[in-house]
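*Asks:* no sequence for this one, just the structure:
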DNA sequence: CGGTTTTGTTCACCCGCTAAACTAAGAAAT
DNA sequence: ATTTCTTAGTTTAGCGGGTGAACAAAACCG
């Protein structure tokens, strides 16, 4: 035993700051200024926006160009007086983030470059419910391998990779504790994938959280706040506050599907009862509607529809009426669960993704009614568009996973430049 | 209309970084290292813990001592070999944060110095439900005035002030939208207080959130994560993640009291029905128990009791039995609401404060049962002590408000040193 | 075609951190 | 008691990196 040490409990060297860290901070500043601009910007613009001198901004941009994180475009006369600017933007096709996804009904791989452009993508539709995790990971690896090869052939450097999983995974250890919809339990998922795919900086994340990341990217506003609700076999939520993902202490945040809607409700696979999934999960809706599949097949269409897909023009049809009733029930339950989330977390906007995006027209009346009744702050921030369908890509979670991988470059360009 | 501006949407000078900001960063580092140490530390300790050289640490500490944020203690031989260290710690009685609180049944004012020591405090117990806000603010100002005078007389500099309110206040504007338990509505509370008290840097915050801040301070762990549940006339929650308060986009987070427990439940003053407050709010418990006041009068005792207060030895007593039943119902409802919060936000620990701290023994069985049933990640992080009573001060919200004011010094000592 | 305007670079300067030498002050060894 | 060892804190030279001003480049304007 040591004598009482006054420094006990002090973290060792958490954020020491020499000039190197100053440089690194400013590189990030320059990078993010370029990334967040709507169009290519000049060095002078960057200096102005970031509060640096033109000299410094120039030196930073040069370093970023040198490391092929940023590319210069041709000088073009702007029409205004003065020397024309050299526009710079994030480099295309030089550095990639790889997204991987294991969901209940498909596997997916997607590679995005720094600018968010799709370099390659693969999807394999298969029912993974009750499948063997080892086989699923093998399939995923087989799906990813040609993507990696193509990146290597095109001399694209892989900055990192993220695996999106339809279940709560521990951010630190990569362990999946329990995914009732996959039928998997207590699994070292990250280790399993690492054994099959040698990827740099492989991280894991929740499907809904990463889908929210993709939704954020599709918005103009880099400071947006919203809950993304992913409706599918399970129901997950991704929470974004001021442009930052919220994933909790362990990465288990967003388990909206197992929020209690009715304490006397039917039992759930999670062990509890009356969970939201028992009212608004895909099989609950299908059972209530007496259908085998949902209308407006979600596979081909982009998620950002206007919401008029689904039961359009089928009024009067008894099938449509049953679906209508099922969706009303789902909307009511979703409203009860979401109102709790909003009251607790002060969220301004609800974005409906997955099945919910297609069926928003049927879902919305009951959902809005419950929110209006139960959200304490309803109407207090009148500028916010409270409920809207997702505007992001078709398979948002893989896309978000790839973006999350790229985010690690954006968060510390200096670390990347240092190889 | 401008021509399409490429810099449109870019924030202007958000975090420019010259050498000044490096200095400021390191001052914060040094300050926080001193603040988080369990006992006085030497300049060499600071250098080691913060990853700085002894020369830099020395210079930083000197600046902090110069600005009377930090004080040197007498050199004392440590017993070990080598030159004995000069211990430094946060200065006592030089700089204060002022906490103000408007709650349903009292007004309070508290002044803390940088080390968290109480310089002065006042409480005035009055029923403010349905009162005139202007009069309440006047009373608060009268309570605060002698405190300010005393600080001035003792040459204590006031770094800032925070007002804790038992209701959702907009962090940015200081507006209170609706506090059903006070009977106040759509009120420029911050403006009202500013007109009565000329305070530097006056901010507002939610009572439960600020109470959580005080709870955090009473813990050893500066990186703790928990929900603080404030049980009183209303029920609020304060969320702390890795030592940081979560208050949402506007500051309205933590409205646990209006989370729906039963969608078919009794109507609530908030306009909804089946809210947690209808089951676990003070009046709901009193009504269900058939009592006029709760046992173990909360006024005098500290919140950090062992939980054996309340109905101790009253088993068999019909009054006690009624209380027992009421608390079971409250615990069940609290468990339903909290399980949703935990599933959504991935929180490891629940801290029960206010009435709930005293009555924890009666509350716990039903509460734990519901949590165990409904929290998806129950038992996954076995190290965490899941439910425990508050260990903080008796009136945590004022204390937290004062701490929040001090936090602004800790977050940027350089700004304070520059007057 | 010279004057204006804006971009981007060059250069002298300065600030703040680093490393290493140095001084200070105690304990341990001889 | 003196020397040696050890740790704390200061001094000083050096350096990385940002600043600001001057300058060169490249457009537009009258």
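*Replies:* Now that the structure is in, tell me what you want to look at. Small disclaimer: the values here were computed from a predicted structure and weren't measured.

*Asks:* Tell me how many other residues crowd residue A:105.
*Replies:* Neighbours of residue A:105 under the rule other C-beta atoms under 10 Å in any protein chain shown: 16. C-betas here are computed from N, CA, C, even on glycine.

*Asks:* where does the residue of the stretch 1-150 of chain A at minimum distance from DNA strand C land in three-state SS?
*Replies:* Among the residues of the stretch 1-150 of chain A, residue A:82 lies nearest to DNA strand C; the distance is 2.1 Å by C-beta to the nearest atom of the strand. Secondary structure state of residue A:82, per DSSP: H, G, I helix; E, B strand; the rest coil, is coil.

*Asks:* And the next helix or strand past the top helix by length along chain A?
*Replies:* Across chain A, the helix with the greatest residue count (assigned by DSSP state H) is helix A:318-345. Tracing the chain past helix A:318-345, the next element assigned as helix or strand by DSSP states H and E is strand A:350-354.

*Asks:* and after that following strand, which helix or strand comes next?
*Replies:* helix A:355-358.

*Asks:* Return the list of helices and strands in contact with that following helix.
*Replies:* Counting by 3 or more C-beta pairs under 8 Å, 6 or more residues apart in numbering or on different chains; DSSP states H and E, the packing neighbours recorded for helix A:355-358 are strand A:226-231.

*Asks:* What helices and strands are in contact with the strand it packs on?
*Replies:* The contact analysis (3+ C-beta pairs under 8 Å, 6+ apart) places strand A:226-231 against helix A:207-218, strand A:235-241, helix A:318-345, strand A:350-354, helix A:355-358, helix A:396-411.

*Asks:* Tell me if stretch A:363-378 is near chain B.
*Replies:* Yes. Remark: stretch A:363-378 sits within contact range of chain B at A:373-374, A:376-377, by C-beta under 8 Å from any C-beta of the partner chain.

*Asks:* who's in contact with whatever residue of the stretch 251-400 of chain A ends up closest to chain B?
*Replies:* With distances taken as C-beta to the nearest C-beta, the stretch 251-400 of chain A approaches chain B most closely at residue A:346, which sits 2.4 Å away. With contacts defined as C-beta atoms under 8 Å, 6 or more residues apart in numbering or on different chains, the neighbours of residue A:346 are A:377, B:247-255.

*Asks:* if we can go back for a sec, report the mean per-residue pLDDT for the longest helix of chain A.
*Replies:* With pLDDT averaged residue by residue, helix A:318-345 scores 95.

*Asks:* Could you do stretch A:278-297 as well?
*Replies:* For stretch A:278-297, the per-residue pLDDT values average out at 89.

*Asks:* who wins for neighbours among the residues of stretch A:363-378 next to chain B?
*Replies:* Using other C-beta under 10 Å as the neighbour definition, these reach their maximum at residue A:374, which records 26 neighbours.

*Asks:* mind checking how far the closest residue to that one other than its chain neighbours is from residue A:247?
*Replies:* Of all residues not flanking residue A:374 in the chain, residue A:339 sits nearest, at 3.5 Å (C-beta to C-beta, 6 or more residues apart in numbering or on different chains). With distances defined as C-beta to C-beta, to the nearest Å, the gap from residue A:339 to residue A:247 amounts to 22 Å.

*Asks:* how about the strands in the stretch 51-200 of chain A?
*Replies:* The residue ranges that make up the strands of the stretch 51-200 of chain A, judged by DSSP state E, counting those that start in this stretch, are A:70-72, A:88-90, A:95-102, A:106-113, A:118-125, A:157-165, A:176-179, A:184-187.

*Asks:* Which residues does the fifth one contact?
*Replies:* The one in question is strand A:118-125. Counting by C-beta under 8 Å, 6+ apart, the neighbours of strand A:118-125 from elsewhere in the structure are A:93, A:96, A:105-113, A:139, A:143-144, A:146-147, A:150-151, A:154, A:156, A:299, A:395, A:398.

*Asks:* Many thanks, we can stop here.
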